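**Student:** Starting from these lines, generate the structure:
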Amino acid sequence: MTERKGRLLVIKLGALGDFVLATGPFAAIRAAHPNDEIVLLTTAPFAEFARASGYFDEVWVDERPSRIALIAIQRLRRRLRGGRFYRVYDLQTSSRSSWYFRLMRGLLRPQWSGIAFGCSHPHANRKRNAMHTIERQAEQLAMAGIAETPFPDLSWATSDTSRFNLPARFALLIPGGAAHRPGKRWPADSYRALAEIWLKQGVTPVIIGGPDEADLADQIAGDTDIRNLAGQTSFADIAQLSREAAGVVGNDTGPMHIAAICGCPSVVLFSGESDPSITAPRGADVRVLRRENLGDLPVSEVAETLSLR
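**Tutor:** Okay, here's the model as predicted:
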């Protein structure tokens, strides 16, 4: 790859699982361009996490302006053009990020790896949307000249979890997920029943999730010895807890990708609403259970599938 001292832009706006899976491509891009300044364009929830990774010289926060917000669009256009990037790696590959390609039109339009019409390094595979994210992005980078993409890595994401005062042996429950897709969630009563099995085994269940999942976590924890950390953990905390936990059970949602990549024994629960061949977490010890309706998945099967360490 080039030896020039130039500026590159990487676009990865979200969501959490996709951002975590992009850490392999982030590392590949950094290795391929050791002498370049690399800027990441992302969204606010991931900015500090990205800065901690060490892959980027700058992290920009995208305001995601609507197409009728003319002043915000002009501001974004000026920033993108003013960056003087000679190459862009669009890892979002969405209609929005492809629109940014059009915003950067001009005499000095950069090289572009992505799916935007007319870009210089297209990911030219009509079946790309049927590929798992890891293979899809590795192939995209290969078509742009980066032959090797490592497995996603979160070894840099560490934290001091002693403030949670957890017992020596605990396991994680990740019962949340996209609120607008309740069909992707295993029932709260099932999580509660699984937690009760763990308690009888001397393993403390620990619930993690976002602030908007606090009510769900309260419903599962009740007045039991289940620990409820919903809304209290950063992405780095989740990574560190995953390294320390005996295992994790959760839905098809972003924190499960963190847990899996960090090597935590994982059982991921899929409904018919998503395809594990495309979106399943990857890691050293990941098992997938799937039912068309997750309400039909027995607690006993989940408990038997997870091998707590």
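**Student:** Which helix or which strand is home to Ile220?
**Tutor:** Using DSSP states H and E, Ile220 sits within helix 214-221.
**Student:** now do Ile146
**Tutor:** Going by DSSP H and E, Ile146 is not in any helix or strand.
**Student:** from what I can see it touches Ala32, true?
**Tutor:** Yes. The pair Ile146 / Ala32 is scored as a contact, 4.7 Å apart, by C-beta atoms under 8 Å. For the C-beta atoms, the positions are set from N, CA and C on the backbone; glycine is no exception.
**Student:** circling back to that earlier point, could I have the helix holding Ile220 exported to PDB, CA atoms only?
**Tutor:** Output in PDB follows, covering the C-alpha atoms of helix 214-221 (Å, rounded to 0.1, in the frame of the first residue of the first chain):
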ATOM      1  CA  ALA A 214     -33.800  -0.800  32.800                       C
ATOM      2  CA  ASP A 215     -37.500  -1.800  33.100                       C
ATOM      3  CA  LEU A 216     -36.800  -5.100  31.400                       C
ATOM      4  CA  ALA A 217     -33.900  -5.700  33.700                       C
ATOM      5  CA  ASP A 218     -35.900  -4.800  36.800                       C
ATOM      6  CA  GLN A 219     -38.600  -7.300  35.700                       C
ATOM      7  CA  ILE A 220     -36.100 -10.100  35.500                       C
ATOM      8  CA  ALA A 221     -34.100  -9.200  38.600                       C
END
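**Student:** how about it: buried residues?
**Tutor:** Buried residues in helix 214-221, counted by 16 or more other C-beta atoms under 10 Å: Ala214, Leu216, Ala217, Ile220, Ala221.
**Student:** Tell me the one of those residues nearest Leu173?
**Tutor:** Closest to Leu173 out of the buried residues of helix 214-221 is Ile220 (7.1 Å), distances taken as C-beta to C-beta.
**Student:** Just name the closest of the buried residues of helix 214-221 to Ala230, please.
**Tutor:** Taking the buried residues of helix 214-221 together and measuring to Ala230 by C-beta to C-beta, the closest member is Ala217, at 3.7 Å.
**Student:** For Gly54, see how far away that closest one is.
**Tutor:** Per C-beta to C-beta, to the nearest Å, Ala217 is found 32 Å from Gly54.
**Student:** ok, now Ala221?
**Tutor:** 36 Å.
**Student:** Same check on Arg309?
**Tutor:** As judged by C-beta to C-beta, Arg309 and Gly54 stand 29 Å apart.
**Student:** Then Thr149?
**Tutor:** From Thr149 to Gly54 the distance is 17 Å (C-beta to C-beta).
**Student:** Of the two, which one has the most company?
**Tutor:** Thr149 (22 against 11; other C-beta atoms under 10 Å).
**Student:** hang on, that one packs against Gly24?
**Tutor:** Yes. Taking C-beta under 8 Å as the definition, Thr149 is a contact partner of Gly24 at 5.2 Å.
**Student:** if I look at these two, which residues touch both of them?
**Tutor:** Common neighbours of Thr149 and Gly24, counting by C-beta atoms under 8 Å, 6 or more residues apart in numbering, are Gln137, Ala138.
**Student:** Show me how this structure divides into domains.
**Tutor:** Per the record, the chain has its domains at 7-143, 161-305, by automatic domain parsing.
**Student:** low-scoring stretches of the chain, by residue?
**Tutor:** Scanning the chain for pLDDT under 70 picks out 1-4, 107.
**Student:** does the spatially most central residue of it sit in a helix or strand, and which one?
**Tutor:** Centroid-nearest residue in the chain: Gly17, 2.1 Å away (criterion: C-alpha atoms, centre = their mean). Per DSSP H and E, Gly17 falls inside helix 16-21.
**Student:** Contacts only, for the closest residue to Ser274 other than its chain neighbours.
**Tutor:** Counting by C-beta to C-beta, 6 or more residues apart in numbering, Ser274 lies nearest to Asp252, which is 5.2 Å off, once chain neighbours are set aside. For Asp252, the contacting residues are Gly177, Lys184, Val268, Leu269, Phe270, Ser271, Ser274, Pro276, Thr279, Ala280, by C-beta under 8 Å, 6+ apart.
**Student:** Closest one to Ala193 out of those residues, please.
**Tutor:** Nearest to Ala193 among the contacts of Asp252, counting by C-beta to C-beta, is Leu269 at 13.7 Å.
**Student:** buried sites along stretch 114-130?
**Tutor:** Buried residues in stretch 114-130 (16+ other C-beta under 10 Å): Gly114, Ile115, Ala116, Cys119, His121, Pro122, His123.
**Student:** Secondary structure for those - can I get that in CSV?
**Tutor:** Listed next are these as CSV, based on DSSP: H, G, I helix; E, B strand; the rest coil:
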residue, secondary structure
Gly114, strand
Ile115, coil
Ala116, coil
Cys119, coil
His121, strand
Pro122, strand
His123, coil
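**Student:** Cheers, nothing more for now.
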